[in-house]
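J.: Below are the sequence and a predicted model for it; my questions follow.
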Amino acid sequence: MPEVLYQARENLYPRFGLALPEKQQVYVREDLPACVKRFVISHELYHLVDKAQWWVWREIKANAHAAIRHPIGFIACVMMSLAPYRLRYYAQRIRGTVR
């Protein structure tokens with residue numbers, strides 16, 4: 001059974017969540033609004049079972065999976081992701097400088 005662990009913002013920053021498939025653990029920021037937290041948990045739990053190799057495809061599938069189940073949380077997460085620190089994080093992921 002996967003384990004969901006809540007973490008302080010500073011422990012996951014700039015991420016909202018993190019999945020560790022090898023440990024069957026999901027980490028989620030405790031400071032997120034409840035609807036976003038539910039979306040992020042669903043998103044990260046999907047990563048525990050996804051076998052795709054390309055990170056972009058993994059993210060598309062995890063977002064679609066979670067958005068269907070938590071549409072309000074998805075929309076709120078998208079809005080929160082427009083913050084400059086999140087946009088920098090996405091740019092770093094695209095450039096391949098962070099995982």
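T.: Yep, that arrived. Keep in mind it's a predicted model, so treat the numbers as computed, not measured.
J.: Mind jotting down where the helices sit in the chain?
T.: Across the chain, reading from the start of the chain, the helices by DSSP state H fall at 9-12, 34-49, 55-69, 71-80, 84-95.
J.: Let me see the residues that make contact with the worst-scoring helix or strand of the chain on mean pLDDT.
T.: For the chain, using mean pLDDT, DSSP states H and E, the weakest element among its helices and strands is helix 84-95, scoring a mean of 92. The list of residues contacting helix 84-95 from outside it, by Cβ atoms under 8 Å, 6 or more residues apart in numbering, reads 13-15, 55, 80-81, 98-99. For every residue, glycine as well, the C-beta is placed using N, CA and C.
J.: That one versus helix 71-80: what angle between them?
T.: Angle between the axes of helix 84-95 and helix 71-80 is 90 degrees (criterion: axes from the mean of the first three to the mean of the last three Cα atoms, to 10 degrees).
J.: Give me the distance between helix 84-95 and the centre of its chain.
T.: Taking the mean of its C-alpha atoms, helix 84-95 sits 14 Å from the chain's own mean (Cα atoms, centre = their mean, to the nearest Å).
J.: Check which residues of that helix are buried.
T.: Of the residues in helix 84-95, those with enough neighbours to count as buried (16 or more other Cβ atoms under 10 Å) are 86, 89.
J.: ok, now which ones touch the residue nearest to the spatial centre of the chain?
T.: Most central in the chain under Cα atoms, centre = their mean is Gly17, positioned 4.3 Å from the mean C-alpha point. If you count contacts by Cβ under 8 Å, 6+ apart, Gly17 has them with 26-29, 40-41, 43-44.
J.: want to throw those residues into a markdown table with neighbour count?
T.: Supplementary listing: the contacts of Gly17 in a markdown table, determined by neighbours: other Cβ atoms under 10 Å:
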| residue | neighbour count |
| --- | --- |
| Val26 | 24 |
| Tyr27 | 20 |
| Val28 | 25 |
| Arg29 | 20 |
| Val40 | 27 |
| Ile41 | 21 |
| His43 | 27 |
| Glu44 | 23 |
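J.: For Glu30, give its distance to Cys77.
T.: When distance is defined by Cβ to Cβ, to the nearest Å, Glu30 is 15 Å away from Cys77.
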